[in-house]
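K.L.:
Can you look at this prediction? I've put the sequence above it.
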Amino acid sequence: MNRRLLLFAAGGFMIAVGLSWWWWPKSAAPLINPAGMEKVLSAQDPAPLPEAVTDLDKLNLLLVGQGGPGHEGGELTDAIILVHIDFKQAKIGLISIPRDLWIENRKINTLFGSDYGLLKNAVATVTGQTPNYFLAVDFVGFQRAMGYVLEGIEVEVVQDFNDPWYPTEGKQLEPCGHTPEEIAELTGKYTDFELQKQFPCRYERVHFDRGKVFMNGAEALKYVRSRHSSSDFDRSRRQHEVLVGIKNKLFSLQTLDDVPKFFAAFNEHVRSDINIEIAKYLGAALKSTQDYQTISISLSTENVLKQGKVGGAFVVVPKKTWSEVRDYIWTSLSTVRSNS
């Protein structure tokens, strides 16, 4: 089978986060958002689409990244990005939501493991944009999509990137020369990153120079996953850079030209709320998005959120109200492309 047909774009660049070996629950009922918000649709109640592709106004795709089997907290969401496509204004908004966001009396990164409808509902509350569909990927699926399917992507790295503490696969439990007694003592004395630094053999240095960088699957995963190199705000920016690189590669491969053939292969690995009819419809609609303006929005303590603690756990919450958060997103999405 032609490799380029193994990755349906579902928005040009969004489907790269749609390959997963996770089996999603089928019994989720549609939920209702807080007052003034529209109904969130589940897989059993697919979002209605206009008869004509040219009548499609907006589309919201929820992207979810997880560690997956074999990783600590593999069922938790490591990345949450809402892709907002405005066909009338020729814009694509990439809205990153921090996984430590506190909502509905828990962290938002715990919602997807129990019911993807709950996460859709929470994202609608935060952004004011109701997700029409979701796509998800684990670390293994991401690497295979980037490396085996796309054979690597070119990423525009905005600034030099350096992380000397990136976890090395397979070395999570290495003692690094410590005895069991010493490990117990260190575990009692340190927590989080300070504890990690006591075991340097478990980590490797990852570096990328500023500029156009070709990345294979493993390198792209390290670039989007790294936490110790910079802030969560910067991490969101790096994820957006990789999504743009995926988008560019997918359009260069003309992936959207044969959606049915791709979907047959795609459906072997994924359970989502996109079916073949929706996929064909979206494939036709998304062909026009190649030159759309891309607007990156990262919710963080650098704009509308603030840090806090709940039961000793680190969380982020709105500085004022959810309404202020939604207003910030809407204003950012209204940005006009510069003529310069």
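P.N.:
Here it is on my side, so go on.
K.L.:
Around the residue lying closest to F112 once chain neighbours are set aside, how many other residues sit close by?
P.N.:
Nearest residue to F112, sequence neighbours excluded (C-beta to C-beta, 6 or more residues apart in numbering): L119, at 4.5 Å. Yep, even glycine has a C-beta here, placed from its N, CA and C like the rest. Burial measure for L119: 26 neighbouring residues, criterion other C-beta atoms under 10 Å.
K.L.:
Could you list the buried residues of the helix or strand that contains L119?
P.N.:
Secondary structure assignment for L119, by DSSP states H and E: helix 116-127. Buried residues in helix 116-127, counted by 16 or more other C-beta atoms under 10 Å: Y116, G117, L118, L119, K120, N121, A122, V123, A124, T125, V126, T127.
K.L.:
again with stretch 98-108
P.N.:
P98, R99, D100, L101, W102, I103, R106, K107, I108.
K.L.:
Then stretch 152-169?
P.N.:
Buried, per 16+ other C-beta under 10 Å, within stretch 152-169: G152, I153, V155, V157, F161, D163, W165, Y166, P167.
K.L.:
Got the domain ranges for this structure?
P.N.:
The record, using automatic domain parsing to delimit domains, assigns the chain the ranges 3-157+209-300, 161-207.
K.L.:
Out of the ones you listed, which gets the lowest mean score?
P.N.:
Ranked by mean pLDDT, these bottom out at domain 3-157+209-300, with a mean of 75.
K.L.:
Now do it: distance to the chain's middle.
P.N.:
Between the centre of domain 3-157+209-300 and the centre of its chain there are 6 Å (C-alpha atoms, centre = their mean, to the nearest Å).
K.L.:
Same question for stretch 185-199.
P.N.:
Distance, centroid of stretch 185-199 to centroid of chain: 29 Å (C-alpha atoms, centre = their mean).
K.L.:
what sits up against that stretch?
P.N.:
W165, E174, P175, C176, H178, R202, Y203, H228 (C-beta atoms under 8 Å, 6 or more residues apart in numbering).
K.L.:
can I assume the fifth one sits in a strand?
P.N.:
This means H178. No: assigned with DSSP: H, G, I helix; E, B strand; the rest coil, H178 falls outside any strand and is coil.
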